[in-house]
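**Q** The following comprises the amino acid sequence and a computationally predicted model.
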Number of protein chains: 4
Amino acid sequence: MTHTVQHKQRLLARVRRIRGQMEAVERALESEAGCERIMQLIAAVRGATAGLMAEVVEDHVLHHLVDPEKHPGALNEEAAEQLLDLVRTYLK
Amino acid sequence: MTHTVQHKQRLLARVRRIRGQMEAVERALESEAGCERIMQLIAAVRGATAGLMAEVVEDHVLHHLVDPEKHPGALNEEAAEQLLDLVRTYLK
Amino acid sequence: MTHTVQHKQRLLARVRRIRGQMEAVERALESEAGCERIMQLIAAVRGATAGLMAEVVEDHVLHHLVDPEKHPGALNEEAAEQLLDLVRTYLK
Amino acid sequence: MTHTVQHKQRLLARVRRIRGQMEAVERALESEAGCERIMQLIAAVRGATAGLMAEVVEDHVLHHLVDPEKHPGALNEEAAEQLLDLVRTYLK
């Protein structure tokens, strides 16, 4: 899936941050924190998960819908960017 | 944007249904219907709008990301379908 | 549902704006505007519908969950505000 | 926040499941699984997080908006259920 080692590391870093955020939810529940705190922590996980998905979708659109070696220049980059703008709007 | 007259008519029919649903919200507010009824009617507009967006995105992915005349067979249809599956999951 | 004439008029004004936005989607489809324009217009309807729902939910939370005449001071306003913060986060 | 030990344990079990799902995303990235698989795994985290939030919101609505000891019977249960129906619709 990932095209470069750097991209893979970046996605893995995101995943680890989300795991850390889930651990924060777990601690807050165990310590009987207030509802507000717990709702905020879960909303943060939701936002981070959306960001992770947006990055994976971007990678999919830019690298998997067209094989650049077999079909150089076939992907309409403007149309792809329009789609990714929409994805970012919805995946917040 | 639309590739066939039928597709355009289908999208226009969706849009007119959503306008009708908004008119139902307006009538419900004017007649002081209960909150539950109004929330249900607005949720219906939200769902229909999501369905409209999913159809436009599908058209964009299948017809605009790659020019089939200039680059026949360049669009990886399996990858495109994977993306559209995700779009349908999110746009409910 | 609405507690004051002003609130009803405010909600009706929102609904009419959304209907106007849907008419803009319809015109854009009829005039075969580009996908990007149509996706932006539909995203605007989605955002406005979310805003409308958030306002109706706020009214429901503040006025319907507890009858202020029968149970003066029973609604925990801080807890209600926490809930509405979350609603606004999700209904964007 | 949690009113009963059972409820706390139920929420903690949900949180641990989500952590497990995030670990599955991490393994999939490390093993260079395909985009489709990774998008499905992330979508599963999103759904589970939404379910967790819906449960916390439900607890907040039913137990924190009105103090049942100070104001017995003050919470309009029908109105609360209408709100929670909407929350479940949006938090899928």
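**A** The structure has been received and is ready for your questions. Everything numeric in this text was worked out from a predicted model, so none of it was measured. Numbering: from 1, shown residues only, chains lettered A, B, ... in the order given.
**Q** Give me the contact list for stretch A:16-24.
**A** A:41, A:44-45, A:48-49, A:52, D:15, D:18-19, D:22-23, D:26, D:45 (Cβ atoms under 8 Å, 6 or more residues apart in numbering or on different chains). Glycine gets a C-beta too; all of them are placed from N, C-alpha and C.
**Q** try stretch A:57-74
**A** By Cβ under 8 Å, 6+ apart, the list of residues contacting stretch A:57-74 from outside reads A:1-3, A:7, A:75, A:80, A:83-84, A:87, A:91, B:61, B:65-67, B:70-71, B:73-76, B:79-80, B:82-83, B:86, D:35, D:39.
**Q** Let me have the contacts of stretch A:16-24 in a markdown table, adding distance to residue B:30, secondary structure and pLDDT as columns.
**A** Below are these laid out as a markdown table (distance: Cβ to Cβ, whole Å; DSSP: H, G, I helix; E, B strand; the rest coil; pLDDT from 0 to 100):
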| residue | distance to residue B:30 | secondary structure | pLDDT |
| --- | --- | --- | --- |
| A:41 | 41 | helix | 97 |
| A:44 | 40 | helix | 96 |
| A:45 | 41 | helix | 97 |
| A:48 | 42 | helix | 97 |
| A:49 | 40 | helix | 97 |
| A:52 | 44 | helix | 96 |
| D:15 | 45 | helix | 97 |
| D:18 | 44 | helix | 97 |
| D:19 | 49 | helix | 96 |
| D:22 | 48 | helix | 97 |
| D:23 | 53 | helix | 96 |
| D:26 | 53 | helix | 97 |
| D:45 | 43 | helix | 97 |
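**Q** which one of these has the most neighbours?
**A** Most neighbours among the contacts of stretch A:16-24, by other Cβ atoms under 10 Å in any protein chain shown: residue A:49, with 28 neighbours.
**Q** From chain C, how far off is that residue?
**A** From residue A:49 across to chain C, the span is 14 Å (Cβ to the nearest Cβ, to the nearest Å).
**Q** doesn't residue D:45 make contact with that residue?
**A** Yes: with contact defined as Cβ atoms under 8 Å, residue A:49 reaches residue D:45; the gap is 5.3 Å.
**Q** In contact with the most centrally placed residue in chain A: list those residues for me.
**A** Centroid-nearest residue in chain A: residue A:52, 1.1 Å away (criterion: Cα atoms, centre = their mean). Residue A:52 makes contacts with A:11, A:14-15, A:18, D:25, D:42, as judged by Cβ under 8 Å, 6+ apart.
**Q** which of those residues lies closest to chain C?
**A** The shortest approach to chain C among the contacts of residue A:52 belongs to residue A:18, at 17.4 Å (Cβ to the nearest Cβ).
**Q** hmm, the helix or strand that contains residue A:79 in reach of chain B?
**A** Assigned by DSSP states H and E, residue A:79 belongs to helix A:77-90. Yes: Helix A:77-90 is in contact with chain B by Cβ under 8 Å from any Cβ of the partner chain, via A:79-80, A:82-83, A:86, A:90.
**Q** quick one: low-confidence parts of chain A?
**A** A:1-4, A:92 (pLDDT under 70).
**Q** Any chance of the backbone angles for residue A:67?
**A** Dihedral pair for residue A:67: phi -80, psi 110, per degrees, to the nearest 10.
**Q** That one and chain D: what is the separation?
**A** Using Cβ to the nearest Cβ, one gets 14 Å for the distance from residue A:67 to chain D.
**Q** and the angle for the helix or strand containing residue A:14 with helix D:5-30?
**A** For residue A:14, the host element (DSSP H and E) is helix A:5-30. Counting by axes from the mean of the first three to the mean of the last three Cα atoms, to 10 degrees, helix A:5-30 points 170 degrees away from the direction of helix D:5-30.
**Q** quick revisit: the residue nearest to the centre of chain A and residue D:57, how far apart?
**A** Distance from residue A:52 to residue D:57, counting by Cβ to Cβ, to the nearest Å: 23 Å.
**Q** same thing with residue A:15?
**A** Counting by Cβ to Cβ, the gap from residue A:15 to residue D:57 is 26 Å.
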